[in-house]
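Enquirer: coords please:
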Amino acid sequence: MRALLARRDIRLLVLARLIDMAGSNALWIALGIRVKELTGSNSAAGLVFFAFILGTLGAPLGGALVDRVRRRPLLIVLNLASTVLVLPLLLVHDRHGVWICYVVMALYGLASGATSSAMTALTQSLISPEHLGDANGLLQTLLQGLRLIAPLLGAGALSAFGLGPLVVGDAATFALAALLIALIRQREDRPQSAQQEEAGANIAAGFRYIARTADLRQLTVAVVLAVVAFGFSESVLFAVVDAGLHRPPTFLGVLSSLEGAGAIAAGVGAAVLMRRAGEGRTVMLGLACAAAGFSLSAAPSLLAVAPGTLLIGASLPLIIAGVMTLFQRRTPASLMGRTDAALSVLIGVPQTTAIAAGAALIALVDYRVMLATMAVLMAASALYLATRTTRLPTEAGVTTQVRAGGRTTEPQNHHGDSAVGDGAADR
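Expert: As a prediction, this is how the structure comes out:
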């Protein structure tokens, strides 16, 4: 990790991502709390996150764009556009303005989908395949570590100053992120995508690649099951704070910071775990942590909810780092934007449905029943991966035949059919 951070361009990329996410995390949690305060409704608060996920469903259009233009200039434009995009939130003063939150978050999600694909593709081009696990582990440790500060900052600033300063601050972080990305010096070639493809086929290329690549397909199925549970949590966690712990809505900021603490602990070890056990089993461990965490959160006691929240936080970097590393290693540079966008949609559709369903069900079903359902979904997802036989890359150019229960057969060199293109190597 020290070798990665010794490179100026990597430091700028990581710092840009951290600044972007710091502002966004502070704003998102505050916006959900503000809607809860204005409406008194857990469902209305959960719909803030639903609107964001709904916007990310436009990711395939952004992914197609990412694979046709240089990623660094695109990221600059997207960040500058997001600077302007959040400003209408300054007009939200009462419950009649809540619709503005939903519109802004939907557009925010659309921009975020394109930004995520561009960031994933640019990371792949800057870092060699054998170091992607270290890079993703480091990035997840730092990003998830923001949960120790950003949610408390967001909730505290909301209580003290209202929503306005947070909106202005988030806009400023986008502008600063654009500046940092502009300072990256590495020469970037334009992606060599198939220019003769029809528009529909071009956009669908990422879906087709996932469908025909066994390890990516299996990992996607498992993650889809998991995101349904995470989707329910957007509304359920408000009920955990309210009905379970009998605390004010701002206490959600404390729980989010506990998630950050768990994420730091897991993120530090994610890269080592991926090197020793592979990406698939790293994801499985994350799913198991989430299952245990949701189970503990059903108890109406902070003594159970606190460790449960830590486990939920620990699950996130393990799942995200494992998925992103495997996708970056197994996807050619010319398809990275569309494949990342396809994954976003395959995850986003069930997650959007789950968030909407969770916002409705929380008013009808006891939150403890929903938490039990979420734990079962996580356990089922882990069990699915545990029963798959997958070819998972463990180092650049090498795969091992893994049965998730743990046995590994002889390694096989596959330089000839490696899905990581030349764009993934250091230039």
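Enquirer: all contacts plus neighbour counts: C-alpha atoms, from now on.
Expert: Noted.
Enquirer: Angles on the backbone of Ala299, please.
Expert: phi -80, psi 130 (degrees, to the nearest 10).
Enquirer: Contacts only, for it.
Expert: Gly244, Val305, Arg368 (CA atoms under 8 Å, 6 or more residues apart in numbering).
Enquirer: again, only this time at 10 Å
Expert: Val240, Gly244, Leu245, Val305, Gly308, Arg368, Leu371 (CA atoms under 10 Å, 6 or more residues apart in numbering).
Enquirer: Same question for Gly337.
Expert: With contact taken as CA under 10 Å, 6+ apart, Gly337 is in contact with 59-68, 71, 114-122, 191, 203, 206, 331.
Enquirer: helix/strand/coil for it?
Expert: Three-state assignment for Gly337 (DSSP: H, G, I helix; E, B strand; the rest coil): helix.
Enquirer: nearest spatial neighbour of it, skipping sequence neighbours?
Expert: Counting by CA to CA, 6 or more residues apart in numbering, Gly63 is the residue found nearest to Gly337 once chain neighbours are left out, at 4.5 Å.
Enquirer: Is the one you found in contact with Ser112, as I believe?
Expert: No. Judged on CA atoms under 10 Å, Gly63 makes no contact with Ser112 at a distance of 11.3 Å.
Enquirer: Now for Thr141: which residues touch it?
Expert: 135, 260-270, 314, 316-318, 321 are the contacts of Thr141 under CA under 10 Å, 6+ apart.
Enquirer: ok, now with 7 Å
Expert: Listed by CA atoms under 7 Å, 6 or more residues apart in numbering, the contact set of Thr141 reads Ala263, Ile264, Gly267, Val268, Pro317.
Enquirer: and if you look at Ala288?
Expert: Met378, Ala379, Ala382.
Enquirer: which of these tops the neighbour count?
Expert: Neighbour counts for the contacts of Ala288, by other CA atoms under 10 Å, peak at Met378, which reaches 28 neighbours.
Enquirer: taking the contacts of Gly337 one by one, which sit in strands?
Expert: The strands in this structure, assigned by DSSP state E, contain none of the contacts of Gly337.
Enquirer: hmm, back to that, let me have the contacts of Ala299 in a markdown table, extended by pLDDT, neighbour count and distance to Tyr108.
Expert: Shown next, in a markdown table, are the contacts of Ala299 (pLDDT from 0 to 100; neighbours: other CA atoms under 10 Å; distance: CA to CA, whole Å):
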| residue | pLDDT | neighbour count | distance to Tyr108 |
| --- | --- | --- | --- |
| Val240 | 88 | 25 | 27 |
| Gly244 | 83 | 19 | 31 |
| Leu245 | 86 | 16 | 32 |
| Val305 | 89 | 23 | 31 |
| Gly308 | 92 | 27 | 30 |
| Arg368 | 90 | 21 | 31 |
| Leu371 | 92 | 25 | 28 |
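Enquirer: Let me have the residues you listed in a markdown table, extended by distance to Val104.
Expert: Formatted as a markdown table, the contacts of Ala299 follow (distance: CA to CA, whole Å):
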| residue | distance to Val104 |
| --- | --- |
| Val240 | 27 |
| Gly244 | 31 |
| Leu245 | 31 |
| Val305 | 32 |
| Gly308 | 32 |
| Arg368 | 32 |
| Leu371 | 29 |
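Enquirer: Pick out whichever of the residues you listed sits closest to Arg276.
Expert: Nearest to Arg276 out of the contacts of Ala299 is Gly308 (CA to CA; 26.4 Å).
Enquirer: Nearest spatial neighbour of the closest one, chain-adjacent residues omitted?
Expert: Among residues not flanking Gly308 along the chain, Gly293 sits closest, at 3.8 Å (CA to CA, 6+ apart).
Enquirer: Looks like the one you found contacts Ala304 (just checking).
Expert: No. In this structure, Gly293 is not within contact of Ala304 by CA atoms under 7 Å, at 9.0 Å.
Enquirer: Who has more neighbours out of those two?
Expert: The residue with more neighbours, out of Gly293 and Ala304, is Gly293; 26 against 15, by other CA under 10 Å.
Enquirer: model confidence over whichever helix or strand that one is part of, on average?
Expert: Assigned by DSSP states H and E, Gly293 falls within helix 279-297. In this model, helix 279-297 has a mean pLDDT of 92.
Enquirer: for stretch 202-220, same thing?
Expert: Mean predicted confidence for stretch 202-220 is 88.
Enquirer: can you check stretch 102-109 too?
Expert: Average pLDDT, stretch 102-109: 89.
Enquirer: ok, now stretch 60-70?
Expert: Average pLDDT, stretch 60-70: 83.
Enquirer: Could I get the buried residue list for it?
Expert: Going by neighbour count (16 or more other CA atoms under 10 Å), the buried part of stretch 60-70 is Pro60, Leu61, Gly62, Gly63, Ala64, Leu65, Val66, Asp67, Arg68, Val69, Arg70.
Enquirer: neighbours around the nearest residue to the second one once chain neighbours are set aside, how many?
Expert: So the one you mean is Leu61. For Leu61, ignoring the flanking residues on the chain, the nearest one in space by CA to CA, 6+ apart is Ile203 at 6.6 Å. Residues near Ile203, counting by other CA under 10 Å, number 24.
Enquirer: got it, and Phe251?
Expert: By other CA under 10 Å, the residues close to Phe251 number 18.
Enquirer: how close does the residue nearest to it when sequence neighbours are not counted get to Thr120?
Expert: Leaving aside its chain neighbours, Phe251 sits nearest to Val241 (6.8 Å; criterion: CA to CA, 6+ apart). As for Val241, its distance to Thr120 is 34 Å (criterion: CA to CA, to the nearest Å).
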